[in-house]
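In: sequence unknown, structure follows:
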């Protein structure tokens, strides 16, 4: 819990083993509430003409630059993939 007062109150009310479960339950309930009351923004934020970006991504895929740290750590196994 981010607030020490709330955490102290919860630990006084509940056994220590239930603290994490309560946190997950509250976070999940808040996430569902945000999804339920979500309102779209008015207007257009992003607009493209034609298939442009979608066609490019479908043809070439989205490629990441390989991380040299991962490569050195996993090259011993011989199964490195970007």
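Out: Looks like it arrived, so ask away. Here the structure is a predicted model, which means the values were calculated and not measured.

In: helices of this protein, start to end?
Out: All helices of the chain, identified by DSSP state H, fall at 4-13, 16-37, 52-60, 68-74.

In: residue 44 is nearest to which of the ones you listed?
Out: Between residue 44 and these, the tightest spacing by Cβ to Cβ is seen for helix 52-60, at 15.7 Å. The C-beta positions use only the backbone N, C-alpha and C, and glycine is treated the same way.

In: any idea how far residue 38 is from the residue most central in space within the chain?
Out: By Cα atoms, centre = their mean, the chain has its centre lying nearest to residue 31, at 12.2 Å. Plainly put, residue 31 is 11 Å away from residue 38 if you go by Cβ to Cβ, to the nearest Å.

In: shared neighbours, the two?
Out: By Cβ atoms under 8 Å, 6 or more residues apart in numbering, residue 31 and residue 38 have no common neighbours.

In: how about residue 49, phi and psi?
Out: phi -110, psi 130 (degrees, to the nearest 10).

In: can you pull the pLDDT of it?
Out: Note for residue 49: predicted pLDDT of 72.

In: which residues does residue 44 contact?
Out: No contacts exist for residue 44 under Cβ under 8 Å, 6+ apart.
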